[in-house]
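> Need a 3D model of the sequence below.
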Amino acid sequence: MNLKFQCNCDEIDWELIPEILKTVGMAYHSAEIHRKTFSTSASVIFVYDGEQLIGFGRAISDGYIQAAVYDVAVLPAYQGHGIGRQIIERIVSSLPGCNFILYASPGKELFYNKLGFRRMKTAMALFVKQEMMSARGFTE
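Next comes the predicted model:
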């Protein structure tokens, strides 16, 4: 692997973002919506193997106290090689002093637990598609 990490939104093929999210079984939107969400995030990481986009992640934040991690995805062929860990570590280090929250896809909790994240006892969610998120295992 010839990994390259990019921490800006320059020259991203936005059509690949929803395709990768779909491939890994995560929620996705139009390429334009993803362009907007990544472009307005406090921290972004895109990972390439050579010229191929293989993973990414982002965080929104006030830059001082709180941050939330979203859209961390790595193509299945590249999972298990520490790439997801590097994405999270780079996001966290880019926002020093911030508390981080995230919601993991069901079944991925152990991955985040190994990176120091802990299950919250008081987390609450108000989703636009409540029934779908409950059916997918995100809420009670």
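> switch to C-alpha atoms for all contacts and neighbour counts from now on
OK.
> Now the helix ranked longest in the chain: buried residues?
Taking DSSP state H as the criterion, the chain has its longest helix at helix 83-94. Within helix 83-94, the residues scored as buried using 16 or more other C-alpha atoms under 10 Å are Ile83, Gly84, Arg85, Ile87, Ile88, Arg90, Ile91, Val92, Ser94.
> and what of stretch 132-140?
Phe138.
> gap between it and the chain center?
Relative to its chain's centre, stretch 132-140 lies at 19 Å (C-alpha atoms, centre = their mean, to the nearest Å).
> what's the answer for stretch 96-111, then?
The chain centroid and the centroid of stretch 96-111 are separated by 9 Å under C-alpha atoms, centre = their mean.
> so where is this structure shaky, pLDDT-wise?
By pLDDT under 70, the chain has no low-scoring segment.
> all helices for it, in order.
In the chain, the helices defined using DSSP H lie at 16-23, 31-39, 83-94, 109-114, 130-135.
> Distance to Ile54 for these - can I get that in a markdown table?
Shown next, in a markdown table, are the helices of the chain (distance: least, C-alpha to C-alpha, whole Å):
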| stretch | distance to Ile54 |
| --- | --- |
| helix 16-23 | 8 |
| helix 31-39 | 16 |
| helix 83-94 | 9 |
| helix 109-114 | 18 |
| helix 130-135 | 26 |
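> Tell me which of those helices lies nearest to Ser61.
Nearest to Ser61, of all the helices of the chain, is helix 83-94, at 10.8 Å by C-alpha to C-alpha.
> helices and strands around the closest one, which ones?
If contacts are counted by 3 or more C-alpha pairs under 8 Å, 6 or more residues apart in numbering; DSSP states H and E, helix 83-94 sits against strand 43-49, strand 52-61, strand 66-74.
> So for Thr37, which of those sits nearest?
strand 52-61 (8.8 Å).
> Between strand 43-49 and the closest one, find me the angle.
Taking axes from the mean of the first three to the mean of the last three C-alpha atoms, to 10 degrees, one finds that strand 52-61 is oriented at 170 degrees with respect to strand 43-49.
> Noted, bye for now.
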